[in-house]
Every structure is written in structure tokens, then in C-alpha cells.
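> Generate coordinates for the sequence data below:
(one chain, ligands or ions: 1)
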Amino acid sequence: MPSLEEELMFPSTPGKYKGQNRHFHRCFASTSTMFLWALFLIAITASYLCFQSFMDNNNSTSNRFFTGHHWEKQVINSAQIHQAHGMSVLVTGAAGFVGSHVSLALKKRGDGVVGLDNFNNYYDVSLKKARKNLLNENGIFIVEGDINESKLLLKLFDIAKFTHVMHLAAQAGVRYAMENPNSYIHSNIAGLVTLLEVSKNANPQPAIVWASSSSVYGLNEKVPFSESDRTDQPASLYAATKKAGEEITHTYNHIYGLSITGLRFFTVYGPWGRPDMAYFSFTRNILQGKPITIYRGKNRVDLARDFTYIDDVVKGCIGSLDTSGKSTGSGGKKWGPAPYRIFNLGNTSPVTVPMMVGMLEKHLKIKAKKNFVVMPGNGDVPFTHANISSARKEFGYKPNTDLQTGLKKFVRWYLSYYGYNQGKL
Ligand SMILES: O=C(O)[C@H]1O[C@H](OP(=O)(O)OP(=O)(O)OC[C@H]2O[C@@H](n3ccc(=O)[nH]c3=O)[C@H](O)[C@@H]2O)[C@H](O)[C@@H](O)[C@H]1O
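Modelled structure (predicted):
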């Protein structure tokens, strides 16, 4: 068998170098020796980096959750229920927009809450840290970790007997799925399955309420969107992963008796919101005097969203938790049928994007510099509009904040948080 060096010295096309002199061979030999050395160095560096990252992972994992008695005490205290018939809830994505609001609302009424968040850098991490501080001040402990870390989840379920999981951790954003598709698989598929695996084995099994999305209605044209409408035409990978989540949770309900409630959120907005969303980034740009890009559909038709104010969504989440019913399994076995529910949590009155911008201009008292462009083929849908009769019937869901009022509250929060002088986000 030829050595690597020999292989490297002989051209892959036989005869190509025929008749070349010894000088060439020496030269080539020394080049190939250098090449081998370079390979060797690269291999050593790669092994070192792998080892470092392995150590880092291990360290960060152990730092994060095997931190002993004090850490466990914080989890136990935070999970403590302070009201009759209250619940103890693990809120994933607790440093996120909806997660932080739901956590505070639960804590306020005396439920136990433990947060979990991986503080990823999809958007400004300092905003997530600020939300975390707010939660800490209100007696809510947030564990820094990923829903894919099953050891961490097992540990949490071991020390706090959660009655419910409010699963809001996800890779959000419709258009970002084209830039980073794997992050959607990591969080919205793999992370979801890890969480369900641990939940199904927990004793007692918690009831699970989780965030699906209005985007599952995809390219449907029949409005308003009802839960019984088809959801097999997703327009983005984000939507596809949320749709997959609905199917995946169904199997865990069917096989293991987990009580499941999926909530299809409709473009949730408000104070402490997500900087990647249009109403938020438009506000920033308008204040900084920068142009905003407004997408338009075919034939210059304006896009529209059933924008839903955060306080209304929080009420929907809590109503869902309160009516979730019990999981019926234990030890990985199901002892009877458990609830499987899906609800739209929308506002029922869609507003076009230019109208939304007009409201921002009014509250900010600044005219926006608008660029209208044809909606790029990036996963967007032209409109959303929720039928909320199921949620209304089941737990009295009744949104009562219109976009004008909700954006006024958002702008007030934005200016108090960032100030008028918009340097950066
Ligand atoms: O209901 C959901 O399930 C989703 O809601 C949200 O998605 P969307 O409804 O797409 O919100 P958002 O990005 O604010 O765009 C709003 C409008 O502005 C338009 N838009 C957007 C950006 C831009 O630069 N220009 C523009 O016109 C855009 O074309 C659109 O018409 C959540 O982000 C998502 O995580 C998911 O929860």
C-alpha cells in the first residue's frame, strides 16, 4: 500500500508529470513534508479545541446545575405554591417576551414558578437579562440552561414536583429560518422532544401548555382561521416546526397520557417585547431617523396581522393552565385518555402594517421614512386573523386591548427603557 507521502507525490492523473527532473521531485517532496506537518498541526489544534469545548460544556453544565444545596434551595423556594389549589409551573423561555410576562402573572397570584432559559443571542441578550432581573426581584428563580439538556431537566423535576410546564422556549422569528434553519430544529423539534421525554417519565406527570403559532395556517385563504382548518401548507420552516410540534405533542398525549394544550399565538406585541419583530424594530428606526422597509403583497396589497397584546395572551396562557386537566400516565405508561387541546390566541381584528406604522408615528410624534417593497419570498404570509371562539368557550378568553392602545403602552415602555436618545440596541 502506498504511503500517504507517496500518494501525495504521485499525480492523480497518471503521466501528467512524466519526464520532470529530480529537482522537481525534491521540491515536491519538501512541499509535501510541509503539507504533512501542516496537517499534523491542524489535527493537534483541532483536538485541542475539541477538548476545550468538551471541558467548557462540562464545566458550564456543572456550573449551571450541579451547584449544590444553595442552588437546589433556590429552585425549591421558587417552585413553592402560596395559594390554595395553586400550581407549581416550570416556565421554559422565562427570560423571553411571553415567558417573562406569564411568569410574573403566575407568581403574582401565588403559584410556584421556576424559569428556564438558555439566554441565546438571537436578539439582544441584555434585554433578556433585564427581564431576568425583574423576575428575580419578584421571587422567581431562573435556571440558565437549554431544553435539550435532559440531565438538567431530570434534576429540576426531581427536586421540584411541577404540576405544569408552560413551554415557551423556542427559536422564534419567521424570516430568520432562512438564515439559520438548524436553530429551529434544535429548539422547536429536538428540545421539545427532550422536554416531553422527561415530562412523560416524571412522577407525577405535569400538564403541558406550549406555544404553537398562527403561522401553522400558512397559505390558507379562508378567514378567520379556525383550529379545525387545514394546517398542511406552511410557508416557512418556522411554521413547519410549530406544526411538527403539534403532531409530536399529540403522540405523547396518545401514548403516554400527557395533558397537552397548544396555543397558536397571533403576532404578540407589547412592553418588554422582541426586538426582532416589526413593531419593535420600526420604533427603533423611526426614533433614530432611519428608514423602515414595509412589505407589500401582490398587486400592492397591504399585509395585515391580527396583532395581539401581551396582557391578553397572558390571560389566555393562564386560562389554559387552569383548565388543562391532569396527565394520566406514570412511569412512561398511560392509564387513561388525557386532554389534547389546541387554541387560537389572537385579537380577532387584523390591522395592516402601514396602519400599524401610522399608530407608531402618532405615539412617537415622528414621521417614518417608509420604503415599500414587494414581500420577499422569505416565509411571510399575507394576513392572519383568528377565530377565538374555542378559547372563549373553554376558559373565557376575551382580548380587550386594541392595537392603538397596546402600541401606546409599548411606546411608553420603550422610551422609559431605552430613552429618546437611541444610540444602539
Ligand atoms: O403569529 C405568529 O405565530 C408569529 O408572529 C410573529 O411573526 P410576524 O407576524 O411575521 O411578525 P413580525 O415579524 O413582527 O411582522 C409583522 C408584519 O410586518 C411585516 N414586516 C416585517 C418586517 C419588515 O421589515 N417589514 C415588514 O413589513 C411582516 O411582513 C408582517 O406582515 C413572530 O415574529 C413569530 O415569531 C410568530 O410568533
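
> Stretch 184-193 vs the ligand: in contact?
No: Stretch 184-193 is not in contact with the ligand by Cβ under 6 Å from any ligand atom; minimum separation 10.7 Å. Heads up, the C-betas are built off the backbone N, CA and C, glycines and all.

> Please, where are all the helices along the stretch 51-200 of the chain?
All helices of the stretch 51-200 of the chain, identified by DSSP state H, counting those that start in this stretch, fall at 68-79, 97-108, 125-137, 150-159, 181-184, 192-201.

> Could you identify which of these is most buried?
Of all the helices of the stretch 51-200 of the chain, helix 97-108 carries the top mean neighbour count, a mean of 23, counting by mean count of other Cβ atoms under 10 Å.

> how distant is the host helix or strand of Thr283 from the center of its chain?
Assessed by DSSP states H and E, Thr283 sits inside helix 278-287. Its chain's C-alpha centre and that of helix 278-287 lie 21 Å apart, by Cα atoms, centre = their mean, to the nearest Å.

> hmm, who's touching it?
Outside of helix 278-287, the residues within contact range by Cβ atoms under 8 Å, 6 or more residues apart in numbering are 269, 273-275, 291-292, 307, 353, 356-357, 360-361, 364, 366, 368, 407, 410-411, 414, 418, 420, 422, 425.

> still on that earlier bit, dump the helices of the stretch 51-200 of the chain to CSV, plus mean pLDDT.
Converted to CSV, the helices of the stretch 51-200 of the chain look like this (pLDDT from 0 to 100):
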stretch, mean pLDDT
helix 68-79, 96
helix 97-108, 99
helix 125-137, 98
helix 150-159, 97
helix 181-184, 98
helix 192-201, 98
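
> one step back: can you list which of the contacts of helix 278-287 are found in strands?
Tyr269, Pro291, Ile292 (DSSP state E).

> got the contact list for the second one?
By Cβ under 8 Å, 6+ apart, the residues touching Pro291 are Asn285, Ala368, Lys369, Lys370, Asn371.

> Quick check: bridge partners of it?
Beta-bridge partners recorded for Pro291 (DSSP bridges): Lys369.

> And the residue nearest the centre of the chain, how far from Ser349?
With distances taken as Cα atoms, centre = their mean, Ala170 lies nearest the centre of the chain, 2.1 Å away. Note on Ala170: its distance to Ser349, by Cβ to Cβ, to the nearest Å, is 26 Å.

> Contact partners for the residue nearest to the centre of the chain?
Gly93, Ser187, Asn188, Gly191, Ala211.

> repeat for Gly110
Gly110 makes contact with Ile81, His82, Gln83, Gly86 under the criterion Cβ under 8 Å, 6+ apart.

> at 6 Å instead, please
Residues near Gly110 by Cβ atoms under 6 Å, 6 or more residues apart in numbering: His82, Gln83, Gly86.

> cool, Val373 as well?
Thr293.

> Quick check: phi and psi on it?
phi -130, psi 160 (degrees, to the nearest 10).

> Near the ligand, which residues of the stretch 301-425 of the chain are found?
Counting by Cβ under 6 Å from any ligand atom, the stretch 301-425 of the chain comes close to the ligand at Leu303, Arg305, Val353, Asp380.

> which phi and psi does the closest residue to the third one other than its chain neighbours have?
On the basis of Cβ to Cβ, 6 or more residues apart in numbering, the spatially nearest residue to Val353 that is not a chain neighbour turns out to be Leu303, at 5.0 Å. Reported as degrees, to the nearest 10, the phi and psi values for Leu303 are phi -80, psi 150.

> what's the answer for Val381, then?
phi -120, psi 150.

> Now it: closest residue in space, sequence neighbours ignored.
Here the residue nearest Val381, using Cβ to Cβ, 6+ apart, is Ala235, at 5.2 Å.

> Wait, the one you found touches Pro382, no?
No: Ala235 is beyond contact range of Pro382, at 9.5 Å (criterion: Cβ atoms under 6 Å).

> angle of the helix holding Thr283 against helix 97-108?
110 degrees (axes from the mean of the first three to the mean of the last three Cα atoms, to 10 degrees).

> give me phi/psi at the residue of the stretch 51-200 of the chain found nearest the ligand?
Scanning the stretch 51-200 of the chain for proximity to the ligand using Cβ to the nearest ligand atom identifies Ala172 as nearest, at 3.8 Å. When read as degrees, to the nearest 10, the backbone of Ala172 gives phi -90, psi 180.

> Now do the same for Ser330: its pLDDT.
Listed pLDDT for Ser330 reads 88.

> Contact partners for it?
Asn203.

> For Thr92, which non-adjacent residue is spatially closest?
Closest residue in space to Thr92, ignoring its immediate chain neighbours: Ala169 at 3.7 Å, by Cβ to Cβ, 6+ apart.

> Got the phi and psi for the one you found?
Ala169 adopts backbone torsions of phi -70, psi 130, taken as degrees, to the nearest 10.

> for Lys333, same thing?
Here is the backbone geometry of Lys333 (degrees, to the nearest 10): phi -120, psi 150.

> Show me the beta-bridge partners of it.
For Lys333, the beta-bridge partners under DSSP bridges are Ser330.
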